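*Asks:* Okay, predicted coordinates and the sequence, questions at the end:
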Amino acid sequence: MQAPKELKQAQDIANLLDMAVKIPFIGVRVGLDFLIGLIPILGDVAMLLASLRIMQLAKKMQVPTDIRRLMLRNALLDYGLGFIPIIGDIVDLFYKANVKNVRLMERWWITENKGAVDARTQALLADWKAD
């Protein structure tokens, strides 16, 4: 069983927004959310809109409302912190709201599809052992 294309798209967006580039010497990964978020107000608004795309994909996957509410809280917290000069930018280095939201989606999807995922894994293992 494969994960839905919406989940893959959300993973790609989150990686681009939160993890695209590794900062040399300190080893912290940043993405467009941090870099564009350095532009006052406009950057934060643009990154909130990008974060909302992940939420749109979650809705399309039929992720439950309570999980989507938590995802919205994560996105709004990241957005709000972006308005605090300097401190907001530093916090943004470590608070990866988009990655957190995708992890919530992944955990929900695995929980919902555990039987099929386990069966697929067992079949692949049996094929591997047969070779």
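*Replies:* Thanks, I have it.
*Asks:* now the longest helix that the chain contains, how far from the centre of its chain.
*Replies:* Longest helix in the chain, counting residues (DSSP state H): helix 42-60. Centroid displacement of helix 42-60 relative to its chain, using CA atoms, centre = their mean, to the nearest Å, is 10 Å.
*Asks:* Residues contacting it, please?
*Replies:* Contacts to helix 42-60, defined as CB atoms under 8 Å, 6 or more residues apart in numbering, come from residues 6-7, 9-10, 13-14, 17, 32-33, 36-37, 39, 67-68, 71-72, 75-76, 78-79, 82-83, 97-98, 101-102, 105. No exception for glycine: its C-beta is placed from N, CA and C like everyone else's.
*Asks:* Please list the members of the residues you listed that lie in helices.
*Replies:* Those of the contacts of helix 42-60 lying in helices (DSSP H): 6-7, 9-10, 13-14, 17, 32-33, 36-37, 67-68, 71-72, 75-76, 78-79, 97-98, 101-102, 105.
*Asks:* Please spell out the ChimeraX selection for the buried subset of those.
*Replies:* Buried members of the ones in helices among the contacts of helix 42-60, defined by 16 or more other CB atoms under 10 Å, are picked up in ChimeraX with:
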select :6,7,9,10,13,14,17,32,33,36,37,68,71,75,78,79,97,98,101,102,105
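*Asks:* Could you list the buried residues of the longest helix of the chain?
*Replies:* 43, 44, 47, 48, 50, 51, 54, 55, 57, 58.
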